[in-house]
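Participant: Show me the folded form of this:
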Amino acid sequence: MKLSNFNFDLPKELLAEYPSENRDEARLMVVHRKTGEIEHKLFKDVIDYFDEGDVFVLNNTKVFPARLYGNKEKTKAKIEVFLLRELSAEQRLWDVLVDPARKIRIGNKLYFGTTGDLVAEVIDNTTSRGRTLRFLFDGSYEEFRQRLLELGQTPLPKYISRPVEPEDEERYQTIYAKHEGAVAAPTAGLHFSKHLMKRLEIKGINFAEVTLHVGLGTFNPVEVEDLSKHKMDSEEIHIPEDQTKIINHGKENRKRICAVGTTVMRVLESSVSADGMVNPFDGWTNKFIFPPYDFSVANAMITNFHTPKSTLLMMVSAFAGHDLIMRAYREAVEQKYKFYSYGDAMLIL
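Facilitator: Numbering: from 1, shown residues only. Below you'll find the model as predicted:
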């Protein structure tokens, strides 16, 4: 498979600027792998495709407000700082992206907030846009983290051209988010409402939770035609033992195991044993899934509609079959489904 196999025409107006009015009333395309049938539903209809004992595996990562705006010392130039990951809590060191990067050099200081009580010093270059910052703040670590939360904005994807609005803080977060650490939402999970979760629970569906802290590497463009030469960024994952038991019990009883999102699929395929069971795991994964690929755990998948040539589209194609997915995507464009983070959903069975 080559990069060019995953290109398609995506009209700009199909990139969703806002989520659906109600979480579970986004549109849902249902794709049947065995028959090639494609159905058009609403997301809340997902319940009709699952039975008692089936398992939904959820990613319970929590998005933190990773986008800060500050000013460079002396020139007062406005600088965007995107927090990627904390390197040292004690020293308050962070890996970040800065924009515009050409103006930010080692030794520069950046000031945040109207009072300038939070200052960061650039101590290293990591990539063309990447920097390591040491934050300077008079207060405890808890107060420092609280100040980051106060100053930070919800990190909506760059394709969303509008400013961040108050509703984004709630809507760009799953209702089951628990463990802070993601700089982008696991978007397939955004469609689950409390009401739908309760209905699934009453029907006897089981839920297992894993954690993958989504990094920006997920969205890095693939720049090589030969996919085997693409390198994925590592992302941190956690799979508790009690959750593996829920998944493995479902597998042993030949139930549907539904990965809610590409992040969950990465987690499951990064921790599977030779006999197809999921192991507890704490660590990092840089697994890149593209066709052809034999999946070991999930036999159903919920995902959003992804952009052309993205690693996410490649994984979905590996699961459903390249030709079927590209046909489904052509139909999605014709039917004016909404794409990407705030867009509509697909259920692959």
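
Participant: In the stretch 101-250 of the chain, where is pLDDT below threshold?
Facilitator: 218-219 (pLDDT under 70).

Participant: run the last query once more with 90
Facilitator: When the per-residue scores of the stretch 101-250 of the chain are filtered using pLDDT under 90, the ranges that remain are 101-103, 113-117, 125-130, 137-139, 157-159, 215-223, 231-234.

Participant: Helices of the protein, residue ranges please.
Facilitator: With DSSP state H, the ranges of helices along the chain come out as 141-151, 168-171, 194-203, 241-252, 262-270, 311-320, 322-334.

Participant: will you turn the ones you listed into TSV that also has mean neighbour count?
Facilitator: No exception for glycine: its C-beta is placed from N, CA and C like everyone else's. Output for those, formatted as TSV (neighbours: other C-beta atoms under 10 Å):
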stretch	mean neighbour count
helix 141-151	14
helix 168-171	15
helix 194-203	14
helix 241-252	17
helix 262-270	26
helix 311-320	24
helix 322-334	17
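
Participant: quick one, which of those helices is nearest to residue 178?
Facilitator: Taking C-beta to C-beta as the measure, the helices of the chain were each checked against residue 178, and helix 241-252 came out nearest at 12.2 Å.

Participant: circling back to that earlier point, would you mind telling me which of the helices of the chain is nearest residue 297?
Facilitator: Proximity of those to residue 297 was assessed by C-beta to C-beta; the nearest stretch is helix 262-270, lying at 4.2 Å.

Participant: what about the closest one, average pLDDT?
Facilitator: For helix 262-270, mean pLDDT is 97.

Participant: Could you list every helix and strand in contact with it?
Facilitator: strand 55-59, strand 206-212, strand 235-239, strand 281-285, helix 311-320 (3 or more C-beta pairs under 8 Å, 6 or more residues apart in numbering; DSSP states H and E).

Participant: what about the helices of the chain, which gets the closest to residue 279?
Facilitator: The minimum distance between residue 279 and these falls on helix 241-252, with 6.4 Å, by C-beta to C-beta.

Participant: would you list the helices and strands packed on helix 262-270 in CSV and tack on distance to residue 113?
Facilitator: Converted to CSV, those look like this (distance: least, C-beta to C-beta, whole Å):
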stretch, distance to residue 113
strand 55-59, 32
strand 206-212, 30
strand 235-239, 29
strand 281-285, 33
helix 311-320, 35
